[in-house]
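A.B. asks: 3D, please:
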Amino acid sequence: MIRTLWQILKTGIVTENVRGKAADDISVLGQKLSNIVKQRFRGSLTIRHVDAGSCNGCELEIHALNNPIYNIEQFGVRFTASPRFADMLLVTGPVTQNMEIALKRTYEATPTPKLVVAVGDCGCGCGIFSENYATIGSIDKVIPVDALIKGCPPTPAALLNGILNAIEG
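C.D. replies: Residues are numbered from 1 along each chain as shown. Predicted coordinates for the structure are as follows:
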């Protein structure tokens, strides 16, 4: 235990701050997002993330939105474990045979009006996991999709922009 603590102290902070254009993009997108969330969602947009069979690349970027660097909660956006409290479904990956029913049930459990955002190249058009014995295809083959966020994986700024586009339209 002492050895681990010593290693932590010796290493120090290694997280890099967002700099330059990326920091400006996040700031501008976040301010727009915050304003719309305050107007349309009474100050809090709640998102339910669903992994329909992805490789977890998109999930890493979604988790980055919650870290201290991007801190999406400062803009009024929160993640929930229950679709019953969600305003938006953020769905990643191609839909696998095993996740089809779970995705449909999650969609049905989400209160109306519901927004669905397909994340990543796999969720938007099946990407490298083209239709095969294990997958049904892209998310829009199972549930209606309102917005697409392309990229393999999309950056946190692209995710913010996609969420913004979904609630604007």
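A.B. asks: most centrally placed residue in the chain?
C.D. replies: Ile62 (4.5 Å; Cα atoms, centre = their mean).
A.B. asks: can you tell me the closest non-neighbouring residue to that one?
C.D. replies: Of all residues not flanking Ile62 in the chain, His49 sits nearest, at 6.0 Å (Cβ to Cβ, 6 or more residues apart in numbering). (C-beta placed from N, C-alpha, C; glycine too.)
A.B. asks: same question, Ala166
C.D. replies: In space, and not counting its chain neighbours, Ala166 is closest to Ala147: 3.7 Å by Cβ to Cβ, 6+ apart.
A.B. asks: and the one you found, bridged to which residues?
C.D. replies: Val117 (DSSP bridges).
A.B. asks: from what I can see it touches Gly123, true?
C.D. replies: No. Assessed by Cβ atoms under 8 Å, Ala147 is found out of contact with Gly123, at 10.9 Å.
A.B. asks: more crowded one of those two?
C.D. replies: Gly123 (30 against 20; other Cβ atoms under 10 Å).
A.B. asks: quickly find the element holding that one.
C.D. replies: With elements taken from DSSP states H and E, the one containing Gly123 is helix 120-125.
A.B. asks: show me what the next helix or strand after that helix is packed against.
C.D. replies: Note on helix 120-125: by DSSP H and E, the next helix or strand toward the C-terminus is strand 135-137. Where contact means 3 or more Cβ pairs under 8 Å, 6 or more residues apart in numbering; DSSP states H and E, strand 135-137 is packed against strand 95-96.
A.B. asks: average pLDDT for the next helix or strand after the strand it packs on?
C.D. replies: Under the assignment DSSP H and E, the closest C-terminal helix or strand after strand 95-96 is helix 100-109. Helix 100-109 shows a mean pLDDT of 95.
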